[in-house]
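Asks: Just a sequence and a predicted model for now, questions to come.
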Amino acid sequence: KKKVAIMTSGGDSPGMNGVVRACVRMAIHMGCDAYCIYEGYEGLVRGGDLIRKMEWHDVRGWLSEGGTLIGTARCMAFYERAGRLTAAKNMILNGIDALIICGGDGSLTGADRFRAEWPSLLEELVSTGVFKADQIAPYQHLNIVGLVGSIDNDLSGTDATIGCYSALARICYCIDLIEATASSHSRAFVIEVMGRHCGWLALMAGVATGADFIFIPEKPREDNWKEEMCGIVHQHRKLGKRKTIVIIAEGALDREGNKITPEMVKDLLADKDGLGLDTRITTLGHVQRGGTAVAYDRMLATLQGVEAVKAVLEATPETPTCFIAINENKIIRKPLVQAVQDTKEVAKAIQRQDFDLAMSLRDTEFTE
Ligand code: ATP
């Protein structure tokens, strides 16, 4: 019986449990044994009871659970060949040579490296006497498929990563709450959202809540950003708006590559010689990641989980390592390495549409 393992790795994202549920049940449906690797690559390296066989009922109710119930971790050992050698040993001890990984670009890059190295890891396990040649004979090729679990929507080649719409929904919900109190006191709020390298969450939250101004890493602000922001906020206030919302991604930058911080924005809005607004900072932090997945992420997790099991069973040594994407509402397989490469080169969030126009649907354009 073919054995298929599934693990979650890197930062958690809503929808990961839906992925595990779909993969476990699809693997069983396809006549395979399903395994979960607990604690990400840490589980592969440590082995033992971190590699567990799963039954159909073990994942019952998982669609509506937040986080990842099989745990995730950052694993230093897996960056080293010695760690990957132990991981290979543990996989063979459990009879596993098909692995599905749900994580960010780091986790998927690690997976591709593991797969490329697999034959030489097996050789070493035989030459050092850990296994006999006939023991490893059935495991000559490692098949790996990636699923992109990330709240940042930061992988090129797929329209949405599993978890991004849940995080976006939570941010919008929180901003709605803040707006009510901001209006009451006529205050300004600088809201920091996650996104060290990718501003998708900040940008979409800005569009979805009609924020006054946003800062994202992909669009470093010009030297005159202070005048620009204050000008827009001033205009909104003149039109009678009693609240000011500025959204700032963690990785916001200016043209020189200097960080723009929430404190800098707050000081500017509060400046007595300028706008003089009563200004507060709210860092949304991990509420963006926690909690249950929205319907879209559950649907994506399930459809992509099903496709991942098919892909890992159909892969041949010649097929490049793939990940499961969604493009124009179709679930498809794509080469992994290219997507990771493109992500490094292209700023995803702003390559798509005219978001400037969407943002300008705030009050600014409608002065009588
Ligand atoms: P997030 O989007 O949350 O950052 P990620 O998957 O990109 O998720 P990383 O911390 O980059 O998160 O990677 C998770 C784990 O994957 C690492 O702790 C490490 O064990 C493994 N990993 C990442 N990159 C590599 C690599 N180049 N070689 C081997 N293993 C890697």
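Replies: Here it is on my side, so go on. Numbering: from 1, shown residues only.

Asks: list the contacts for L93?
Replies: The neighbourhood of L93, defined by C-beta atoms under 8 Å, 6 or more residues apart in numbering, consists of G47. Heads up, the C-betas are built off the backbone N, CA and C, glycines and all.

Asks: how much space between it and E42?
Replies: Going from L93 to E42 by C-beta to C-beta, to the nearest Å gives 16 Å.

Asks: From T86, how far out is H197?
Replies: 31 Å.

Asks: Ok, N143 next?
Replies: 20 Å.

Asks: Which parts of this structure are helices?
Replies: Secondary structure of the chain, counting by DSSP state H: helices at 16-29, 40-46, 81-93, 105-127, 133-136, 164-185, 200-209, 225-238, 262-270, 295-314, 336-345, 355-359.

Asks: could those go into a markdown table alongside distance to the ligand?
Replies: Shown next, in a markdown table, are the helices of the chain (distance: least, C-beta to the nearest ligand atom, whole Å):
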| stretch | distance to the ligand |
| --- | --- |
| helix 16-29 | 11 |
| helix 40-46 | 4 |
| helix 81-93 | 7 |
| helix 105-127 | 2 |
| helix 133-136 | 22 |
| helix 164-185 | 11 |
| helix 200-209 | 12 |
| helix 225-238 | 28 |
| helix 262-270 | 22 |
| helix 295-314 | 15 |
| helix 336-345 | 10 |
| helix 355-359 | 23 |
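
Asks: Ranked by average pLDDT, which of the ones you listed falls at the bottom?
Replies: Note on the helices of the chain: helix 355-359 shows the lowest mean pLDDT, a mean of 65.

Asks: Show residues contacting stretch 254-269.
Replies: Under C-beta under 8 Å, 6+ apart, the answer for stretch 254-269 is 188, 190, 192, 215, 220-223, 225-226, 229-230, 233, 244, 246, 248, 251-253, 274-275, 277, 279-281, 283.

Asks: Any quick ChimeraX command for the buried ones out of those residues?
Replies: Buried residues among the contacts of stretch 254-269 (16 or more other C-beta atoms under 10 Å), as a ChimeraX selection:
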select :188,190,192,215,220,221,225,226,229,230,233,244,246,248,251,252,253,275,277,279,280,281
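
Asks: what's around Y38, how many residues?
Replies: By the criterion of other C-beta atoms under 10 Å, Y38 has 21 neighbours.

Asks: give the contact list for it.
Replies: So Y38 contacts 7, 50-52, 70-71 (C-beta under 8 Å, 6+ apart).

Asks: Repeat that for L147.
Replies: Here L147 is in contact with 19, 100-103, 162, 301, 304-305, 308, 323-324 (criterion: C-beta under 8 Å, 6+ apart).

Asks: who wins for most neighbours among the residues you listed?
Replies: Result: C102 is most packed of these (other C-beta under 10 Å), 38 neighbours.

Asks: In this structure that one contacts G11, no?
Replies: No. At 11.2 Å, C102 and G11 do not qualify as touching, with contact defined as C-beta atoms under 8 Å.

Asks: For the ligand, what is the nearest residue in the stretch 151-300 of the chain?
Replies: D152 (6.3 Å; C-beta to the nearest ligand atom).

Asks: Excluding chain neighbours, what is closest to A87?
Replies: Once flanking residues are discounted, A87 sits nearest to L44: 3.9 Å by C-beta to C-beta, 6 or more residues apart in numbering.

Asks: That neighbour: neighbouring residues, count only.
Replies: L44, neighbours per other C-beta under 10 Å, totals 31.

Asks: so what's it up against?
Replies: 7, 37, 50-51, 78, 87, 90-91.

Asks: at 6 Å instead, please
Replies: Contact analysis of L44 by C-beta atoms under 6 Å, 6 or more residues apart in numbering lists 37, 87, 90.

Asks: Return the distance of the first one relative to C75.
Replies: By that I understand I37. 11 Å.
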